[in-house]
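J.: Please work out how this folds:
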Amino acid sequence: MIKTGLEVLVQDGCAPLRGRRVGLLVHPASVDGSLRHAVALLEGDRAVDLRVLLGPQHGLRGETQDNMIEWEGFTDPATGLPVFSLYGEHRRPTAAMLEGIDVLVIDMQDVGARYYTFIWTMLLCLEACAEQGRRVLILDRPNPLGGEAVEGTMLAPEYTSFVGLAPLPMRHGLTMGELARLFKATRNLDVELDVLPMAGWRRAMDFAATGLPWVMPSPNMPTLDTARVYPGGCLLEGTNLSEGRGTTRPFEILGAPFIVPEALCARLEGAQLPGCILRPLFFQPTFHKFAGEVCGGVQVHVTDPAAFRPVATYVAVLAAVRALWPEDFAWRQPPYEYETNKLPIDILAGGLRLREAVDAGTGVWELAATWEQELREFTALAAPFRIYD
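T.: Numbering: from 1, shown residues only. The predicted structure is shown next:
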């Protein structure tokens with residue numbers, strides 16, 4: 001089993017925090033290999049002067065179910081510490097939130113996709129700490145998809161939103177610590193940044209190889225299988241198709257009342273999608289899109305995580321649905337993640353290219369070929385900031 005940055009910190013007696021007043025940004029998956037939460041571990045160490053807790057989207061405790069559900073701060077009943085929300089009135093820590101601390105510790109499990117907002121909360125914290133003279137310590141965790149593959153379109157600057165505040169591909173292949181180093185350099189942030197690396201993690205490892213327990217970092221990320229499909233599955237949020245919210249397998253399950261599962265699977269047989277099997281199914285969401293309605297669709301079963309291409313797979317599904325049911329399929333209209341003008345699919349894709357290709361009937365692998373040069377450029381850009389291997 002590898003050791004996360006949290007476990008390395010505790011094993012070392014929290015040495016980097018001694019003599020400093022500490023703020024802690026965490027969510028439900030901020031646990032060690034024995035499922036002890038970072039708040040309990042640091043608050044229980046007399047050498048750590050823990051003053052403030054902060055939480056990202058879905059809450060410090062992970063109780064807010066859907067997207068764009070804001071939450072307010074409170075007093076933590078277990079510790080008596082103030083809890084500040086970074087997904088409510090404020091996305092960026094205010095001076096009042098950071099008052100009285102010397103270092104902000106960030107320990108959050110990411111899932112390796114550009115749209116997952118915890119990385120952007122981290123970026124806004126880096127910016128705020130640069131402005132307010134606070135040190136930042138990142139306790140690093142695995143990229144659950146591994147650290148080798150990158151996939152999808154890059155974010156164009158004019159499509160910046162809270163599901164993309166900097167140019168990354170849809171699947172970025174970096175850890176939180178590596179992203180923090182990249183952000184500091186590329187945005188010229190004058191912030192004291194330390195990253196406490198994991199012990200034993202290698203880029204070829206996906207989460208299953210780490211020996212660590214999977215804890216939901218957000219309510220609709222229940223399993224590692226969910227994380228594996230998410231870089232493609234999240235694109236469904238930009239359509240009128242159900243992304244499986246309201247079922248027990250969100251993002252793996254998708255569909256709509258107008259879809260005939262067998263027809264969809266037959267259409268996709270020629271796409272040659274590696275590392276997965278698409279199984280026809282029916283489902284009835286209990287909430288969210290089509291709540292209470294019977295939907296036809298597919299479940300994406302990942303059979304070979306190393307070969308699986310989540311973005312290409314879900315783009316192929318969108319293209320197939322668009323071709324088979326053109327009068328029923330639709331791109332979702334704004335607002336989405338506080339963007340009121342641009343289409344949600346364009347916000348997610350980081351530009352117009354993906355939507356226009358699907359509308360034009362462009363083959364998925366022809367579209368994917370257009371990503372390759374920019375992915376090579378991103379890989380070269382990110383190389384100096386990698387920590388592992």
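J.: What's the first helix or strand after the helix or strand where Q299 lies?
T.: For Q299, the host element (DSSP states H and E) is strand 295-302. Heading C-terminal from strand 295-302, the first helix or strand you meet, by DSSP H and E, is helix 310-324.
J.: If you count contacts, what does the following helix or strand past that next one end up packed against?
T.: Counting by DSSP H and E, the element after helix 310-324 in chain order, helix or strand, is helix 344-349. Applying 3 or more Cβ pairs under 8 Å, 6 or more residues apart in numbering; DSSP states H and E, one finds that helix 344-349 contacts helix 353-360. C-beta coordinates here come from the backbone N, C-alpha and C atoms, glycine included.
J.: How about residues contacting the helix it packs on?
T.: For helix 353-360, the external contacting residues (Cβ atoms under 8 Å, 6 or more residues apart in numbering) are 153, 235, 238, 315, 318-319, 322, 331, 343, 345-346, 349, 366-367, 370.
J.: do that again at 10 Å, thanks
T.: 152-154, 156, 170, 235, 238-239, 311, 315-316, 318-323, 326, 329, 331, 343-346, 348-349, 352, 362-364, 366-368, 370-371 (Cβ atoms under 10 Å, 6 or more residues apart in numbering).
J.: how about it: buried residues?
T.: Neighbour counts using 16 or more other Cβ atoms under 10 Å place R353, L354, R355, A357, V358 of helix 353-360 among the buried residues.
J.: For the second one, give its distance to L81.
T.: Using Cβ to Cβ, to the nearest Å, one obtains 43 Å as the distance from L354 to L81.
J.: Going along the chain, name the helices of the chain.
T.: Secondary structure of the chain (DSSP state H): helices at 5-11, 38-43, 95-98, 118-132, 176-186, 224-233, 261-268, 310-324, 344-349, 353-360, 364-369, 372-382.
J.: Need the ones you listed in a markdown table (columns: mean pLDDT and distance to L86).
T.: Conversion of the helices of the chain to a markdown table gives the following (pLDDT from 0 to 100; distance: least, Cβ to Cβ, whole Å):
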| stretch | mean pLDDT | distance to L86 |
| --- | --- | --- |
| helix 5-11 | 98 | 19 |
| helix 38-43 | 96 | 16 |
| helix 95-98 | 96 | 8 |
| helix 118-132 | 98 | 5 |
| helix 176-186 | 98 | 15 |
| helix 224-233 | 98 | 21 |
| helix 261-268 | 97 | 39 |
| helix 310-324 | 98 | 27 |
| helix 344-349 | 97 | 20 |
| helix 353-360 | 97 | 29 |
| helix 364-369 | 96 | 34 |
| helix 372-382 | 98 | 25 |
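J.: Mind pulling up the pLDDT for G244?
T.: Looking at G244, its pLDDT reads 97.
J.: tell me the contacts of the residue nearest to it when sequence neighbours are not counted?
T.: Nearest non-adjacent residue to G244, counting by Cβ to Cβ, 6 or more residues apart in numbering: I253, 3.6 Å away. I253 makes contacts with 229, 233, 242-247, 279, 281, 283, 285, 295, 297-300, as judged by Cβ under 10 Å, 6+ apart.
J.: Tell me the predicted confidence for M68.
T.: For M68, the model assigns a pLDDT of 64.
J.: my bad, should have said D389
T.: Looking at D389, its pLDDT is 84.
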